[in-house]
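Student: what's the 3D shape of this:
(2 chains)
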Amino acid sequence: MADRIEGVKKLFTSKSARIDTNRGDAHYETLFQACHARIEELKTQTPREDRLKIDDLLEDQGVSRRDFMKWASAVTGMLMLPSSFTPLVADAALLMNRAPVIWIELSDCAGNTEAILRSDGPKIDEILLDIISLEFNETIMSASGHQAEKQLEDAMHTFKDKYLLFVEGAIPMGIDGNYGTIGAHAETFYDHLMRISKHAAAVVAVGSCATFGGVPAAAPNPTQAVGVMDILKGKPLINIPACPANPANMVGVIIHYILTGQIPELDSLLRPKFAFGYRIHDNCERRAHFDAGEFVEEWGDEGAKNNFCLYKVGCKGPMTFNNCSIVRYNEGVNWPIGVGRGCIGCSEPDFWDKYAYERPMADANIKAPTGGVEKTVDEFGLGLLTAAGIGIGIHAAASLAAGKKEESGES
Amino acid sequence: MITRELIEQIEGEASVSFEMKRDKVNFATIAFPHFRGMERILQGKSALDALVITPRVCGICGHAHLMASVRALESAYAHAGHAICLSHKAQTIREFTLVMEMIQNHFKWFYLTLIPELIKLRRTSKNSTPLKGAFAASLASKTLASFAGQWPHSSYMLPGGVTCDPTHMERIKSQGYLKELIHFFETETLGTTLQNFLSFESCKEMNALQSDISYVEQALLASGMHQKGFAYDRFIVLGEHSFSTPSKMKQTRPFLVESKYVRVKESYSPQEQTYAKNALYKNDYYETGPLARAMTAHVPIIRNIHRRFKDSAYSRVMARIVELASLLQHATELLKVVDPTETSLVAPEPIHTITAEGIGIVEAPRGVLMHKVSIVSGVIHRYEIITPTQWNIGSDTKIDPTPVQQAMIDVTKEEALFIFRTFDVCSVCTTH
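Tutor: Predicted structure coming up:
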């Protein structure tokens, strides 16, 4: 299995992660019609009686129609759809209580549940996540113990082959899976996942543990933890890595599912391209300082006080594919680079062993999936004027190589 | 006859096996059936990696783990002859974000665990309002994120200080969120002003209030929780902070503590595999957490409650709510004294020059959290984590029950499950 896991990681190139945002009017027109028909059909279905009505709840929380439409247009942009889709996205959001979701926790810290379902509170993303038809989530539901198990059985039966299964946490495979058991019959996490995913419409792995094994899989991987993609076969699977995963990306996946009935376009690591198509570095607020060769050389120095680029103190932004530099965390309040900490690459496979490392990447012996930029940053420092030129040169060479690979049949 | 009950909504799962006698609990053992091996993972990694990995032990108190880690590293620096002196600003910001994490934890516990469980116990049809808890916790984590970058799983502390260099803007933004949070607390939770509530010296003064806290107080009394859930009436506080008084207490008598006497032993769980270990001071079990902190710090209202109801479930719950109030007050004070012109961080010697042992102790939302590290040329040789739930929710034999086992004896099973939750359990921390 280890070889296969390594192989999957090697498949990734920055070019293959990019989403084509301009496919021509004809494509979007057909897509629009298909989505429109689907939304109209969903509207005729009645939600389950015990579900909260989303429009009522938004109103209770003081979210005006205007704010809601603003949010819908932002989500449309995030999903990389033309702005004409905004009304459809808004409709899809209001229909979120038609999408049954089951959420299970395996070998984890409950951090994603904390980040998404409880702590980020009533911004629209979170209101929606609170009231999507969450049929089962053991950390937030009111039932517990045997009662909770029965609720899970009921949900699986009622929504057979229709529910989205969200999985948080890795799967420990050591000692026959006995590093993690759950429920009245002490079912192993592995058996639990297999049983519940069997009749799911699609599985969404949330957070770095569920996607790539995460911190539990860090060397020497004491419990032989693996991600969902390593063991689940024959099911549509979407990975939303990061530690914790960003609520905005989860809402994006669900809305996309409601809107189109399909899962969004994925990269070779099964991450939705709309969220993971670009690097932190590409849209970083400190990017100008990188280009100008202005770096924090040591924690707490003058550069740190002036918000210079954190590359030399170990920021992994240039090799980390995620949209945090745009979406940020905690309702957009801040993100790690905003407090001078640098990116640890938490949405990349192996970050726990390689990327977390507190050393400049130039010395870190990490092979970036994109080659280029991250070579030897000191070279950039040699001449401020030429730095940007070298950067662009390396960029250009790297993207050229990636382009060639694509032509030779790589998808 | 032994019956097994599952406990959820505690960041993971725990199970309690009850041995009943005439409808009352005669004895109970506790199992935490999952394991990740964090201490083993840390071995052989760069000591600074601990700052990224240990916060991920826990999704709800990761910040406390970060602070314990950074304190352990700084203590190793000191033992290696390079004592680190933090600026007043770095100290204040660390303290502030730690306090905000406690606040979000207490809000979640109050609205997502305590009130729903109390409604269940009372078998009433009152509506619980979990979204209130989510709202308050979100404000608290935004306040925190202004300085720490994100919550959960932030890593903004480093040996020598903090990486953030906030301007007045961040401080004012943070103050704004905090004000909004206090307003919520006053109108929804308390039903009076924070100042007025903090001046209370007896819980009888709460009778006049009409709010979530008065509901809780009355429901606890009505269900007899002031006469149930007694542990050992022994308390321990080890973390040094602006809001804590390290000490151990037997009833109301304080004694000196030294962290070197803290030890762990294997859990006793004959019914089921468990990965938890129990924490003790010398050979005794102690309760840790908000009640312990209030007792050692002589908080008048809690000392008064303790005089009447000892360490009952009622006292434990009220201590956590009173702590929430005083921490909100304390956070406001801390923000006032953050001086943006001071230095955030003074970089210490490179980590690879350090070979030493270190210990980091903090007060986490649930009580004493200890990290012990041994570093050889900047690489972790050994790492040990002892979490608050290991103190409160250990599982031992009938001869030597742990605080929670003691507290569950001689009540009905429903009451025992409620008492279990008054300790505020964190399952993922316990086994780590």
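Student: wouldn't residue B:37 be in contact with residue A:217 here?
Tutor: No - using C-beta atoms under 8 Å, residue B:37 makes no contact with residue A:217, being 10.2 Å away. (C-beta placed from N, C-alpha, C; glycine too.)
Student: mind listing what residue 41 touches?
Tutor: Went with chain A since none was named. Listed by C-beta atoms under 8 Å, 6 or more residues apart in numbering or on different chains, residue A:41 has no contact partners.
Student: wrong one, chain B
Tutor: Residues near residue B:41 by C-beta under 8 Å, 6+ apart: A:215, A:216, A:218, A:219, A:220, A:221, A:222, A:352, B:53.
Student: Kindly report the same for residue A:191.
Tutor: Residues near residue A:191 by C-beta under 8 Å, 6+ apart: residue A:177.
Student: Give me the pLDDT for it.
Tutor: According to the predicted model, the pLDDT of residue A:191 comes to 96.
Student: same thing with residue A:371?
Tutor: Here the pLDDT value assigned to residue A:371 is 45.
Student: Produce a PyMOL select command limited to the buried residues of the contacts of residue B:41.
Tutor: In PyMOL syntax, the buried subset of the contacts of residue B:41 is picked out as below (16 or more other C-beta atoms under 10 Å in any protein chain shown):
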select buried, (chain A and resi 215+216+218+221+222+352) or (chain B and resi 53)
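Student: need the residues of the stretch 201-350 of chain A near chain B, please.
Tutor: Neighbours of chain B within the stretch 201-350 of chain A, by C-beta under 8 Å from any C-beta of the partner chain: A:214-216, A:218-223, A:225, A:243-244, A:298-301, A:304-305, A:307, A:329-331, A:333-341, A:344, A:346.
Student: Please pick the buried ones from the residues you listed.
Tutor: Among these, the ones that count as buried by 16+ other C-beta under 10 Å are A:214-216, A:218, A:221-223, A:225, A:243-244, A:299-300, A:304, A:307, A:329-331, A:333-341, A:344, A:346.
Student: Is residue A:264 in contact with residue A:256, as I believe?
Tutor: Yes - Residue A:264 lies in contact with residue A:256 (C-beta under 8 Å); the separation is 4.5 Å.
Student: any common contacting residues for these two?
Tutor: Common neighbours of residue A:264 and residue A:256, counting by C-beta under 8 Å, 6+ apart, are A:79, A:272, A:274.
Student: would you say the last one is within a helix?
Tutor: So that's residue A:274. Yes - judged by DSSP: H, G, I helix; E, B strand; the rest coil, residue A:274 forms part of a helix.
Student: do you know how far it is from residue A:183?
Tutor: With the distance defined as C-beta to C-beta, to the nearest Å, residue A:274 ends up 35 Å from residue A:183.
Student: now do residue B:132
Tutor: Using C-beta to C-beta, residue B:132 is found at 30 Å from residue A:183.
Student: Repeat that for residue B:25.
Tutor: Distance, residue B:25 to residue A:183, by C-beta to C-beta: 22 Å.
Student: Likewise for residue A:294?
Tutor: When residue A:294 is compared with residue A:183 (using C-beta to C-beta), they lie 55 Å apart.
Student: tell me the contacts of residue B:79?
Tutor: Contact partners of residue B:79, counting by C-beta under 8 Å, 6+ apart, are B:356, B:357, B:358.
Student: wait, does stretch B:153-164 contact chain A?
Tutor: Yes - against chain A, stretch B:153-164 shows contacts by C-beta under 8 Å from any C-beta at B:153, B:154, B:155, B:156, B:158, B:160, B:161, B:162, B:163, B:164.
Student: of all these, which two lie farthest apart?
Tutor: Greatest spacing in those, by C-beta to C-beta: B:153 and B:160 (21.2 Å).
Student: Could you report the neighbour count for residue A:83?
Tutor: Residues near residue A:83, counting by other C-beta atoms under 10 Å in any protein chain shown, number 10.
Student: hang on, isn't it packed against residue A:74?
Tutor: No - with contact defined as C-beta under 8 Å, residue A:83 does not count as touching residue A:74 (10.7 Å).
Student: Domain parsing of chain A, as residue ranges.
Tutor: Using automatic domain parsing, the domains assigned to chain A come out as A:2-276, A:280-407.
Student: Let's have these in CSV, adding distance to residue B:274.
Tutor: Shown next, in CSV, are the domains of chain A (distance: least, C-beta to C-beta, whole Å):
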stretch, distance to residue B:274
domain A:2-276, 11
domain A:280-407, 26
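Student: For residue B:153 and residue B:160, indicate the residue with more neighbours.
Tutor: Neighbour comparison, residue B:153 and residue B:160: the larger count goes to residue B:153, with 29 against 24 (by other C-beta under 10 Å).
Student: Surely that one is within a strand?
Tutor: No - applying three-state DSSP, one finds residue B:153 to be coil, outside a strand.
Student: wait, isn't it in contact with residue A:242?
Tutor: No - using C-beta under 8 Å, residue B:153 makes no contact with residue A:242, being 9.6 Å away.
Student: Pull up the overlap in contacts between these two.
Tutor: Residues touching both residue B:153 and residue A:242 by C-beta under 8 Å, 6+ apart: residue A:346.
Student: Can you report how many residues neighbour residue B:342?
Tutor: So residue B:342, with other C-beta under 10 Å, has 15 neighbours.
Student: Report the spatially closest residue to it, excluding sequence-adjacent ones.
Tutor: Leaving aside its chain neighbours, residue B:342 sits nearest to residue B:89 (3.8 Å; criterion: C-beta to C-beta, 6 or more residues apart in numbering or on different chains).
Student: In terms of helices and strands, where is that neighbour?
Tutor: For residue B:89, the element it lies in under DSSP states H and E is helix B:88-108.
Student: got the residues of the stretch 101-250 of chain B near chain A?
Tutor: The stretch 101-250 of chain B comes close to chain A at residues B:104, B:108, B:112, B:116, B:128, B:130-131, B:133-135, B:137-139, B:141-142, B:145-156, B:158, B:160-165, B:173, as judged by C-beta under 8 Å from any C-beta.
Student: Give me the distance between the two termini of stretch B:343-359.
Tutor: From the first residue to the last, stretch B:343-359 extends over 25 Å; the measure is C-alpha to C-alpha, to the nearest Å.
Student: What about contact with chain A: does that stretch have any residue there?
Tutor: Yes - contact of stretch B:343-359 with chain A (C-beta under 8 Å from any C-beta) involves B:343, B:344, B:345, B:346, B:347, B:351.
Student: Going by neighbour count, which residues in that stretch are buried?
Tutor: B:344, B:345, B:346, B:347, B:348, B:351, B:354, B:356, B:358, B:359.
Student: Also stretch B:215-235?
Tutor: By 16+ other C-beta under 10 Å, the buried positions in stretch B:215-235 come out as B:215-217, B:219-220, B:223, B:225-226, B:228-235.
Student: what ranges do the strands span in the chain?
Tutor: Answering for chain A, as no chain was given. In chain A, the strands defined using DSSP state E lie at A:101-105, A:134-137, A:164-168, A:171-172, A:181-182, A:187-188, A:202-206, A:225-226, A:237-240.
Student: switch to chain B, that's the one I care about
Tutor: Along chain B, counting by DSSP E, strands occupy B:2-7, B:14-21, B:24-31, B:157-158, B:161-162, B:234-237, B:247-250, B:253-255, B:262-266, B:277-281, B:356-364, B:367-376, B:379-386.
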